[in-house]
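# For reference, the sequence and a predicted model appear below.
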Amino acid sequence: MTNHTNRLKVSFEYHLGLTEISANTKKFIFTHFNFLLFTTIPGVFINTFFFRQNGSIATVAIYNAICVFGTALVMQISSQISLKKSPVFVVRIGVLIYNVFYVSLLLLQKDAVQFMPLLAIMNAAASGFYWQGYNELMKICTSEDNFDRTVSMMGLANAVVTLAIPIFSGLLITNLGGKLGYSIIFALSFLFSLYTTYLSTRIEKAKIHGKSNLRLVYRHILTDRKSFEIYSAEMFRGIRNMAFPLFLSIVFFEYISNEAVLGVNSMLCGFAAMFSYIIAAKIVNQGNRLKCIIIATLCSLVVAIPLFFIINAMALFLLAIFNSVLATYIDNTSIAVFYSSFKETRSDINFSQIMAAREIFFGAGRVIGYVLLILLSGSRFNMALLVLIFNITPIITWALFRHAESYPVSTTTVS
């Protein structure tokens, strides 16, 4: 029985490509899978939670803007702590703050919207610590040969969670009623975050060597053309990255006002994304990343054009599914391009703070996306224009990445 189980395990790992990944990396992937569970259980429903309290898209957009840019600012601090301690240490801090965040949501309930800025700051702090450690562990636990595969495995884990959890959460809220339903999903998130705290203690500690040099990092970004173009590409990618999915889910929710239906849409998006990740793991490689980005972007742009003629629940429903397929080749592939661009960094700049600086640019792009969402969500034409803008910006990302390839990597020190 044990041998049969082991054979099934080996077969499962072989088909997913996990046989080429170390044991510690598998622990990291499993920990991240549980992190995705406790952040996806409330998922889009944190946005509907606030939206139901005052019916304002602006409130939801501001909440998310504080979260994403606050995360970027916190990462400037967590990157330095990670240097002194370890990436695993800052991951644990992030998960612990998430514990407090979910307890706060449980206690505040209907008064949560009044404390929205404080909750957003708390979420930003948790994310800033967790994602800093995640970024560093991705570099430590992978090599150039298995990076795309590991990223795809992370994406597949995200897709599996997105496939099952939102419909479960949506049905729970709809059938039990808003107050009780939201209380239960926040409680479940808290329990999974506690378990993730335990799992994070099983990841082997990995020390990053170097000293804090954020000022030098930003000086390098602003004076080195290759680095500036790569970071700018991430900023333009950020404009679409979160604001576009938020727009699709919130405007769709305005039409249907039903968490269960929104959960079905999220489930189908997860299924589409899972299929996309499986294909991406087989076809995306170091040589065709930029081609994948531009093809996916052009397809996304073509799919968005009909919104100038019709915007209804079904159109938004289908567009969200198409976006889930194409986002794999825009976002995950761009991440791989960024990592590869800084594979050989300068000897006086450490990767930890390269990633922290990236979050400032990426976060700035996300904030721009949320500002556009607030400004252009008043009429059908404006909403169609907004979708068009969201699907044009990745072309700029692709162009900047492509042009940056013409520059050599700077590996010399600067006094």
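Arrived safely, thanks for sending. Numbers count the residues shown, from 1 in each chain.

# So what touches stretch 379-390?
With Cβ atoms under 8 Å, 6 or more residues apart in numbering as the test, stretch 379-390 has contacts from 239-240, 243-244, 247, 251, 301, 304-305, 307-308, 311, 319, 369, 372-373, 376-377. C-betas here are computed from N, CA, C, even on glycine.

# Which elements pack onto the longest helix that the chain contains?
The longest helix of the chain (DSSP state H) is helix 147-176. On a contact count with 3 or more Cβ pairs under 8 Å, 6 or more residues apart in numbering; DSSP states H and E, helix 147-176 meets helix 23-40, helix 44-54, helix 116-141, helix 178-200, helix 259-283, helix 333-341.

# Gly181 and Gly55, how far apart?
With distances taken as Cβ to Cβ, to the nearest Å, Gly181 is found 18 Å from Gly55.

# ah, wrong one, I meant Ser189
24 Å.

# more neighbours, these two?
Between Ser189 and Gly55, counted using other Cβ atoms under 10 Å, Ser189 has the larger neighbour count: 26 against 9.

# could you give the angle of the longest helix of the chain to helix 44-54?
Angle between the axes of helix 147-176 and helix 44-54 is 40 degrees (criterion: axes from the mean of the first three to the mean of the last three Cα atoms, to 10 degrees).

# picking that back up, which stretch among the helices and strands packed on helix 147-176 comes nearest Cys292?
The closest of those to Cys292 is helix 333-341. By Cβ to Cβ, the value is 5.0 Å.

# For that closest one, name the packing helices and strands.
Helix 333-341 sits against helix 147-176, helix 225-241, helix 289-304, helix 380-404, with contacts defined as 3+ Cβ pairs under 8 Å, 6+ apart.

# where does the stretch 51-200 of the chain have low pLDDT?
Applying pLDDT under 70 to the stretch 51-200 of the chain flags residues 142-149, 152, 159, 178.

# Counting neighbours, what do you get for Pro87?
Neighbours of Pro87 (other Cβ under 10 Å): 29.

# That one is in contact with Glu136, isn't it?
Yes. Contact criterion Cβ atoms under 8 Å: Pro87 and Glu136 qualify, at 3.9 Å.

# which residues does Phe49 contact?
Phe49 neighbours (Cβ under 8 Å, 6+ apart): 42, 105, 112, 182.

# if you skip the residues just before and after it, what's nearest to the second one?
With Cβ to Cβ, 6 or more residues apart in numbering as the measure, Phe186 is the residue that lies nearest to Leu105, at 4.6 Å, once sequence neighbours are left out.

# From Thr31, how far out is the one you found?
21 Å.

# got it, and Gly181?
Distance from Gly181 to Thr31, by Cβ to Cβ: 28 Å.

# Likewise for Ile396?
Relative to Thr31, and taking Cβ to Cβ, Ile396 is found at 35 Å.

# Kindly report the same for Leu107.
When Leu107 is compared with Thr31 (using Cβ to Cβ), they lie 27 Å apart.

# Compare those two and say which is more crowded by neighbours.
Between Leu107 and Thr31, counted using other Cβ under 10 Å, the more crowded position is Thr31 (24 against 10).

# Pretty sure the more buried one sits against Tyr195.
No. Thr31 lies out of contact with Tyr195 (Cβ under 8 Å); the separation is 9.7 Å.

# For Val100, find the nearest of the helices and strands packed on helix 147-176.
Closest among those, using Cβ to Cβ: helix 116-141, at 6.7 Å.

# Which helix or strand contains the closest residue in space to Val303 that isn't next to it in sequence?
Leaving out its chain neighbours, the residue that sits closest to Val303 by Cβ to Cβ, 6+ apart is Phe322, at 4.9 Å. Per DSSP states H and E: Phe322 is located in helix 313-327.

# Lys205 too?
Per DSSP H and E, there is no helix or strand for Lys205.

# Enumerate every residue touching it.
86, 88-89.

# Neighbour count, secondary structure and distance to Ala65 for these - can I get that in TSV?
As requested, those are arranged in TSV below (neighbours: other Cβ atoms under 10 Å; DSSP: H, G, I helix; E, B strand; the rest coil; distance: Cβ to Cβ, whole Å):
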residue	neighbour count	secondary structure	distance to Ala65
Ser86	21	coil	31
Val88	22	helix	29
Phe89	17	helix	28
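
# any chance of those residues in TSV, plus distance to Ala384?
Listed next are the contacts of Lys205 as TSV, based on distance: Cβ to Cβ, whole Å:
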residue	distance to Ala384
Ser86	48
Val88	46
Phe89	46
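
# In a markdown table: the helices and strands packed on helix 147-176, plus distance to Met154.
Below are the helices and strands packed on helix 147-176 laid out as a markdown table (distance: least, Cβ to Cβ, whole Å):
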| stretch | distance to Met154 |
| --- | --- |
| helix 23-40 | 6 |
| helix 44-54 | 20 |
| helix 116-141 | 8 |
| helix 178-200 | 15 |
| helix 259-283 | 9 |
| helix 333-341 | 10 |
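
# right, and those - which one's nearest Leu73?
Comparing the helices and strands packed on helix 147-176 by Cβ to Cβ, helix 116-141 comes nearest, at 7.2 Å.

# what's the burial count for Arg215?
Neighbours around Arg215, by other Cβ under 10 Å: 9.

# Distance of it relative to Glu259?
For Arg215 relative to Glu259 (Cβ to Cβ), the value is 46 Å.

# ok, now Phe35?
Distance from Phe35 to Glu259, by Cβ to Cβ: 23 Å.

# Neighbour count for these two, which is higher?
Legend: neighbour count by other Cβ under 10 Å for Phe35 and Glu259, higher for Glu259 (28 against 25).

# Just the buried ones from the contacts of stretch 379-390, in ChimeraX syntax?
Provided next is the ChimeraX selection string for whichever of the contacts of stretch 379-390 are buried by 16 or more other Cβ atoms under 10 Å:
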select :239,240,243,244,247,251,301,304,307,311,319,369,372,373,376,377
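
# Next, the contact list for the closest residue in space to Phe247 that isn't next to it in sequence, please.
Once flanking residues are discounted, Phe247 sits nearest to Leu373: 5.6 Å by Cβ to Cβ, 6+ apart. Contact partners of Leu373, counting by Cβ under 8 Å, 6+ apart, are 57, 61, 243, 246-247, 386.
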